[in-house]
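[1] sequence first, then the predicted structure, then my questions.
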Amino acid sequence: MDGFARLHLASMEARFGWRQRTLKAPIDCVGVGVHSGKRVSLTMRPAAPGHGIVFRRTDLDRSIAARFDNVIDTRLCTVLGDAHTRIGTVEHLMAALSALGIDNALIEVDGPEIPILDGSAAPFVFLLDCAGSIEQNAPRNVIEICRTVRVSQGESRAELRPIGPANRAEPPVFDMDLTIDFPASAIGRQAASLRLAPDSFRHEIAAARTFAQAGEVQQLQAAGLARGGSLDNAIVVDGADILNPGGLRMANEFASHKLLDAVGDLALAGSRLHGRFVAHRTGHDLNNRLLRALFADAGAWRSVATEPLAAAA
């Protein structure tokens, strides 16, 4: 193979991302837990191939893998846990890790929540960009959707659809389409779509913030929840009014944030999905139920290991 062919193959490999990736260096931040209102320290560290994303409670010296079957609560956020460990609000960080192609990392946190930061995934994208990433000598596994899987509850529904066989020598394709419908006129009906990739995630939905209606915030705080919530880390709407002085970051920020949540929730599959996600009025519970339904049906998916293109003679 001549020098030009080698250079071309190397550039294709970098773009396609055949191999697993981890962080180049540790990085940390401090923030507030949206529900506890307490200060939280978080550190992201490199990890070995095959390690996956694992959360570690440093205050308890206990760890838990970021997997759909370790989700124990989805009422206000996605919570990983077991009888001894609980780590909440993982979805925004998981979305950033998945979208930027980080397969292996140890996430250390000294409390029961990931810090909310500004309520979006953009600060986590910034931290991951600062840390950098490196390729590891191990192939990536892709979960190919082989037949449609659906879950629903009332008017809410979510499904994963096949889009054709995964090509071992090309990156997986994961297309996402989502619609929402809220009674508050400031939100109303919105739609968001994305073909998941680092650039599309970074520029289209990473900055979309979590949101709530004013009445809901009052009820949550009266119940001792959302103690760390504020206009600095959430959009708050009251009927037709957006209470944040700066307004919205994008016209469809509400739908874009729901799509961001879905990226993070579906990242708990443990590998990149190859297929299409279509949902209406979905949330953390339905997203998790969708993954459980997928993996409960052995004929609905298959695992495909990526591999480099054969070298030219």
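    Nice, thanks for sending it over. Model, not experiment: these values are computed from the prediction.
[2] all contacts plus neighbour counts: C-alpha atoms, from now on.
    Noted.
[3] which residues of this protein fall in helices?
    3-16, 91-99, 122-131, 198-200, 214-222, 253-266, 284-296 (DSSP state H).
[4] packing partners of the shortest one?
    Spelled out, that is helix 198-200. Applying 3 or more Cα pairs under 8 Å, 6 or more residues apart in numbering; DSSP states H and E, one finds that helix 198-200 contacts no other helix or strand.
[5] give me the distance from it to the chain's centre.
    13 Å (Cα atoms, centre = their mean, to the nearest Å).
[6] who touches it?
    Here helix 198-200 makes contact (Cα atoms under 8 Å, 6 or more residues apart in numbering) with 99-101, 194.
[7] which of these fall in strands?
    residue 194 (DSSP state E).
[8] quick check: the farthest pair among the contacts of helix 198-200?
    101 and 194 (15.7 Å; Cα to Cα).
[9] one step back: tell me which of the helices of the chain sits nearest to residue 25.
    Nearest of those (Cα to Cα): helix 122-131, 5.2 Å.
[10] check the offset of that closest one from the chain's centre.
    Worked out by Cα atoms, centre = their mean, helix 122-131 lies 14 Å from the chain centre.
[11] counting neighbours, show which residues of it come out buried.
    Of all the residues in helix 122-131, those buried under the rule 16 or more other Cα atoms under 10 Å are 122-125, 127-128, 131.
[12] re the thing from before, most surrounded residue in the contacts of helix 198-200?
    Within the contacts of helix 198-200, most neighbours by other Cα atoms under 10 Å means residue 99, with 23 neighbours.
[13] what about that residue, distance to residue 200?
    As judged by Cα to Cα, to the nearest Å, residue 99 and residue 200 stand 9 Å apart.
[14] any idea how far apart the tips of stretch 41-51 sit?
    Start-to-end, stretch 41-51 (Cα to Cα) is 22 Å.
[15] for it, give me every contacting residue.
    Under Cα under 8 Å, 6+ apart, the answer for stretch 41-51 is 20-31, 103-111, 114-115, 136-138.
[16] what stretches of the stretch 1-150 of the chain score poorly on pLDDT?
    Filtered on pLDDT under 70, the stretch 1-150 of the chain yields the residue ranges 1-17.
[17] ok so, going back, among the contacts of stretch 41-51, name the buried ones.
    Here, 16+ other Cα under 10 Å leaves 20-24, 26-27, 31, 103-111, 114-115, 136, 138 buried among those.
[18] number of residues surrounding residue 73?
    Neighbours of residue 73 using other Cα under 10 Å come to 17.
[19] going forward, begin numbering at 425 instead of 1
    Yep, numbering from 425; the last one is residue 497 now.
[20] which residues touch it?
    Shown in contact with residue 497 (Cα under 8 Å, 6+ apart): 503-504.
[21] go with 10 Å
    By Cα atoms under 10 Å, 6 or more residues apart in numbering, residue 497 lies in contact with 503-505, 510-512, 708-709, 712.
[22] so it bridges to which residues?
    residue 503 (DSSP bridges).
[23] if I look at it, how far off is residue 709?
    In terms of Cα to Cα, residue 497 sits 8 Å off from residue 709.
[24] and residue 618, by the same measure?
    From residue 618 across to residue 709, the span is 21 Å (Cα to Cα).
[25] and if you look at residue 465?
    In terms of Cα to Cα, residue 465 sits 27 Å off from residue 709.
[26] tell me which of the contacts of residue 497 is nearest to residue 570?
    residue 712 (18.7 Å).
[27] got the confidence number for that closest one?
    On the pLDDT scale, residue 712 is placed at 98.
[28] same check, this time on residue 593
    Reported pLDDT for residue 593: 68.
[29] cool, and the one 5 residues further on?
    The confidence metric pLDDT takes the value 97 at residue 598.
[30] you'd agree it is up against residue 699?
    Yes. Contact status for residue 598 versus residue 699: in contact at 5.1 Å, counting by Cα atoms under 10 Å.
[31] got any residues that touch both of the two?
    Taking Cα under 10 Å, 6+ apart as the contact rule, residue 598 and residue 699 both touch 568-569, 584-587.
[32] just those now: which is nearest residue 678?
    Among the shared contacts of residue 598 and residue 699, and counting by Cα to Cα, the member closest to residue 678 is residue 584, at 21.7 Å.
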